[in-house]
Each structure stands twice: as C-alpha cells, then as structure tokens.
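Colleague: Whatever this is, show me its structure:
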Amino acid sequence: MQKISVTQALSFIKSGHHIASALGAAEAQSFLSQLHTIDARDITLTTCLSLRSYPFMDAQYAHIFNNESIFMTGPARAMQDTGNACYIPGHLQHCATKRLQHIKPNIYVGAASMPDKHGYVSLSVSNTYERRMIDAADIVILEINPHYPRTFGDVELHVNDADYFIEADYPVPELPDAPVGELDAIIGAHIAGYINDGDCLQLGIGAIPNAVADALMNKRNLGIHTEMLGNGLVKLLRAGVATNKRKTLHPGKTVATFALGTHEVYEYIHDNPSVLLFDANYVNDPYTIAQNDDQVSINTTLEIDLTGQCCSESIGARQYSGSGGQADTAIGAQRARGGRSFIALYSTAMIKNEKGERERVSKIVPMLKQGATVTLSRNDVDFVVTEYGVAALRGTSLAERVQRLIAIAHPDYRKQLSEGGAHRV
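Modeller: Take a look at the predicted model:
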C-alpha cells in the first residue's frame, strides 16, 4: 500500500476534474479541509449529507468549485446562496448507478478503517454509493483512521484495490441525539400502537424517529432493515428489543447502507458481525425491502396536501434536503407481506412571514407551496401521523383523504382546510 500526504493527494487534481466524496461521517476530512489550496479550476464534487463546512465552500472559491449534492445539509445549503451548490434529484437506491451513467469520478476520496492482518480495510460507516464510485474512479484515495469502526457486508476492500492511503487521526463525526419533545412522544406512541412484535423496521433521522424507538421498548424480537442505522435503532438493539430473529431476509442480521449517530452507534457496529452494510442499490431496492415480512417504514415530511402528496425535501422551490430513500422504503414496505408505511409530521410549524414576523401555519395544506417538490406521491402514501392521530390513506378516494387528513390537522385550521379541501375532490 502506498501512503502519501494530503499535499501529494491534492496534486493529482487537474482542472475540469470530478471528485466523488464519501457520504456523511465517511467524508475524508483531511483531504477536504485542504481542497481550497489547489491550483486548478472547474472542479465538480459529488457529495452527500455533508456534516461540516470546509474552506472550499467559502464564497471566495465559488469560481473554482461546484458542489453537486445527493442530499443537502446546512453546509451545502449555504453554498446555494453563492450559486455553486446544486442538488442531484433521485431516489437513494439509484444515487450511484444513475450518477455514474452521467459522470464518472476522476478521483474518489473517503474515510476507511485501518487495514487488518489480512490486508483489508473497511469502508466503515457508509457503503451507500462508495464502492461503486471506487470501482469507477481513475484514482482511489482512502484516509485510514484508527477511530473508524471496522464493519462488514460488502464494505471490505483489499489495500491493493486502492491507489493511495492518507494516514488520518480525527474522530468520526457524530450526529447528536435529537431530544424528544412532548409532540414527538405523542406521535411516537401513535405509531408504536401499529407496531407488532417481530416487525422489521426502517427509521429515519430526527426527534420523531427517536420518539418511535423510545415507544417501542416494550416490544419483542423486532428486526432492522434500514437505510440509516442511527441512535434510536441502536438503542433498540442494545436493549435486546431488536433481535432480528424473525426476519425473513438476512435473519439474525441488522442490515443498513450507512451508519450515522453518536459515538455509541460507532462503538456498537465496530467489529460486529451481526451488522451488515450493503450497497444502497440493494438495501433500498423496494424489491429487496419487500422480502422482509411485516416491514415497517417510518419517515417524516415537511408538508402534506389534502390528497396525500408529501413534500419532504424543499421549502417552496428552495431545496432543503433530499429525496433520500423515502419513496424507496415506503414503497418497499407496502410491497412486503404485512408491511406498512408511516409518514409523520407535526400539525403546525412556526415560520417567518413576508414581514419577517413569526407565525404559526398548518403543515397539512389544501395545496403544496408553489415550487414545492413532491417526494412521496399520493399514490404511495399509506399512514399519515400527527399529534392528533393517524390517517389511513391506503386505497381511499380523494374525498376520503381530505376528511381523514383534516381530522388529524390542528383544530384551529380544520375549518379553513375544509373550505380549501372542497376544491381537491
């Protein structure tokens, strides 16, 4: 294996190059921290779920770098204002295959575990698209780091299959455990009432998914097949609530495509053969998901209209996050024998109006905001949950949907929604 410095790694970058960066906590921080120092122009980066800001993201470098993101976070959103960050639409299951049909990376860079005695490193906390990018890249650079967990699945890579290695020593980035509030707990309890012993779970990010996990502590033998393995699911595993014993696909194993959370998450997955991280093209394929009997998908949304259209990634026309695997997991769960899909949201939100004043608005609306992105179509919505209850939409007509969604809206907005809903049927 050939070890090089960050400076040497940066010297490989030429004007017009495309650099593929690993997802989330697997970003190569040493490389990206110095990327702004290169003497090149017209550099395209493919990123996803960036957790920190780097100097190359500053407005002064906007003429050099174009950040194209599979899932927008705060750092990428800030770059939108300078015009050098843009979202890549798509379902998570296809994020590598479709991207590679469009553009191939000159350089792949990402974090990895230290080599083991057999000469293998692990891609550690993510294999959402990383292995496919590695196979397609002209140059593969891995930052090997003793703090990164050694994981299993299809994340193992022999040192001869990478071109260069940078020795790194930074901690794995953590995603703080989102605190569970009163409304989260109510929504979590609503959803938990629909979860049975032995069900197989997919949970997203945030306080509501954490509340669901808290509400499931009295269940038994739950399974896990999820895109992200985070804090809530690891708590269920540590408590013995999730055992994976009843899974019909990969029984006894927790299956995910990436891990992101607190140190406890990384500690749990390190050298743990019961946790498998596979390519998102496999994990998030609805046909794969459907092989798990009683699969349950639990996601959140920003806004939903009275016909069931979910906007989960934009605020009006402004891109806020991404489609991720919401449609993948919702459709896959509903295809499974005994499967169910839940979309959760608070009934209201506080926003700034045109005068700059904060006001409360309903998140269940007659029509989505102008320019809003439909992340999950009304054809694919199953259960919708707020603090006011659960609306079962599977197989319902538009008229039934309007009434059921109004029934779980905030009481202050139900009359207004009834008037607006008359135009949706």
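Colleague: Q2 versus V212, what's the distance?
Modeller: Distance, V212 to Q2, using C-beta to C-beta, to the nearest Å: 46 Å. Any C-beta I mention is one placed from the backbone N, CA and C, and that applies to glycine too.
Colleague: Let's check: the centremost residue of the protein is which one?
Modeller: When C-alpha atoms, centre = their mean is applied to the chain, the residue found nearest the centroid is G324 (5.2 Å).
Colleague: Between V212 and Q2, which has more neighbouring residues?
Modeller: In this comparison of V212 against Q2, neighbours counted by other C-beta atoms under 10 Å, the higher total goes to V212 at 30 against 9.
Colleague: hang on, the more buried one is in a helix, isn't it?
Modeller: Yes - according to DSSP: H, G, I helix; E, B strand; the rest coil, the state of V212 is that of a helix.
Colleague: low-confidence ranges in the stretch 301-425 of the chain?
Modeller: 421-425 (pLDDT under 70).
Colleague: Now do the helices in it.
Modeller: 326-335, 398-407, 414-421 (DSSP state H, counting those that start in this stretch).
Colleague: Next, count neighbours for G16.
Modeller: By the measure other C-beta under 10 Å, the count of residues near G16 is 11.
Colleague: Spell out the secondary structure type for it.
Modeller: Following three-state DSSP, G16 is assigned to coil.
Colleague: these two touch, right, it and N66?
Modeller: No - in this structure, G16 sits apart from N66 without contact. The criterion is C-beta atoms under 8 Å, and the distance is 11.0 Å.
Colleague: hey, what's in contact with both of these two?
Modeller: Counting by C-beta atoms under 8 Å, 6 or more residues apart in numbering, the contacts common to G16 and N66 are 42-43.
Colleague: Just put the helices of the stretch 301-425 of the chain in JSON lines and tack on mean neighbour count.
Modeller: What follows is the helices of the stretch 301-425 of the chain, written out as JSON lines (neighbours: other C-beta atoms under 10 Å):
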{"stretch": "helix 326-335", "mean neighbour count": "24"}
{"stretch": "helix 398-407", "mean neighbour count": "18"}
{"stretch": "helix 414-421", "mean neighbour count": "16"}
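Colleague: For those helices, give me TSV that also has distance to N106.
Modeller: Formatted as TSV, the helices of the stretch 301-425 of the chain follow (distance: least, C-beta to C-beta, whole Å):
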stretch	distance to N106
helix 326-335	29
helix 398-407	48
helix 414-421	51
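Colleague: Tell me which of those sits nearest to V296.
Modeller: Among the helices of the stretch 301-425 of the chain, the nearest to V296 by C-beta to C-beta is helix 326-335 (6.0 Å).
Colleague: Which elements pack onto the closest one?
Modeller: Using 3 or more C-beta pairs under 8 Å, 6 or more residues apart in numbering; DSSP states H and E, the elements in contact with helix 326-335 are helix 286-289, strand 295-300, strand 340-344.
Colleague: one step back: mind listing what the residue nearest to the centre of the chain touches?
Modeller: Applying C-beta under 8 Å, 6+ apart, we find G324 in contact with 71, 92, 204, 227, 313.
Colleague: and the two most separated of those residues?
Modeller: E227 and E313 (14.8 Å).
Colleague: Which residue of these two possesses the greater neighbour count?
Modeller: Neighbour totals were compared for E227 and E313, and E227 leads with 26 against 23 (other C-beta under 10 Å).
Colleague: Tell me which residues touch the spatially closest residue to that one that is not a sequence neighbour, please.
Modeller: Nearest residue to E227, sequence neighbours excluded (C-beta to C-beta, 6 or more residues apart in numbering): G325, at 4.2 Å. G325 makes contacts with 91-93, 227, 280, 284, as judged by C-beta under 8 Å, 6+ apart.
Colleague: at 7 Å instead, please
Modeller: For G325, the set of contacting residues under the criterion of C-beta atoms under 7 Å, 6 or more residues apart in numbering consists of 91-93, 227, 284.
Colleague: you'd agree L51 is up against P173?
Modeller: Yes - contact status for L51 versus P173: in contact at 4.6 Å, counting by C-beta atoms under 7 Å.
Colleague: gap between N299 and Q403?
Modeller: Counting by C-beta to C-beta, the separation of N299 from Q403 is 23 Å.
Colleague: What of G252?
Modeller: Taking C-beta to C-beta, one finds G252 at 44 Å from Q403.
Colleague: the strands in the stretch 301-425 of the chain, which residues?
Modeller: Applying DSSP state E, counting those that start in this stretch to the stretch 301-425 of the chain gives strands spanning 303-305, 310-311, 314-315, 318-319, 340-344, 348-352, 358-362, 364-365, 383-386, 389-392.
Colleague: closest to V125 out of these?
Modeller: That would be strand 318-319 among the strands of the stretch 301-425 of the chain, by C-beta to C-beta, at 24.7 Å.
Colleague: Quick check: neighbours of the closest one in the sheet, parallel or antiparallel?
Modeller: Strand pairing for strand 318-319, using DSSP bridges, gives strand 314-315 (antiparallel).
Colleague: just checking, next helix/strand downstream of the one helix or strand K98 maps to?
Modeller: When secondary structure is defined using DSSP states H and E, the element that contains K98 is helix 97-102. Reading on from helix 97-102 to the C-terminus, the next helix or strand found by DSSP H and E is strand 107-112.
Colleague: Quickly run through the sheet partners of that following strand, with directions.
Modeller: According to DSSP bridges, strand 107-112 has the following sheet partners: strand 18-21 (parallel), strand 139-144 (parallel).
Colleague: Now do the following helix or strand past that strand: everything it contacts.
Modeller: Heading C-terminal from strand 107-112, the first helix or strand you meet, by DSSP H and E, is strand 120-122. Defining contact as C-beta under 7 Å, 6+ apart, one finds that strand 120-122 is touched by 112-115, 142, 144, 150-151, 155-159.
Colleague: what's the neighbour count on the residue lying closest to C48 once chain neighbours are set aside?
Modeller: By the measure of C-beta to C-beta, 6+ apart, the closest residue to C48 outside its immediate chain neighbours is I70, 3.8 Å from it. Other residues near I70 number 24, with proximity taken as other C-beta under 10 Å.
Colleague: Also I195?
Modeller: 19.
Colleague: just to revisit the earlier point, now for L51 and P173: what residues contact both?
Modeller: Here L51 and P173 share the contacting residues A25, scored by C-beta under 7 Å, 6+ apart.
Colleague: thinking again about what came up before, ChimeraX command to pick out the buried ones of the contacts of strand 120-122?
Modeller: In ChimeraX, selecting the buried portion of the contacts of strand 120-122, with burial taken from 16 or more other C-beta atoms under 10 Å, looks like this:
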select :112,113,115,142,144,150,151,155,156,157,159
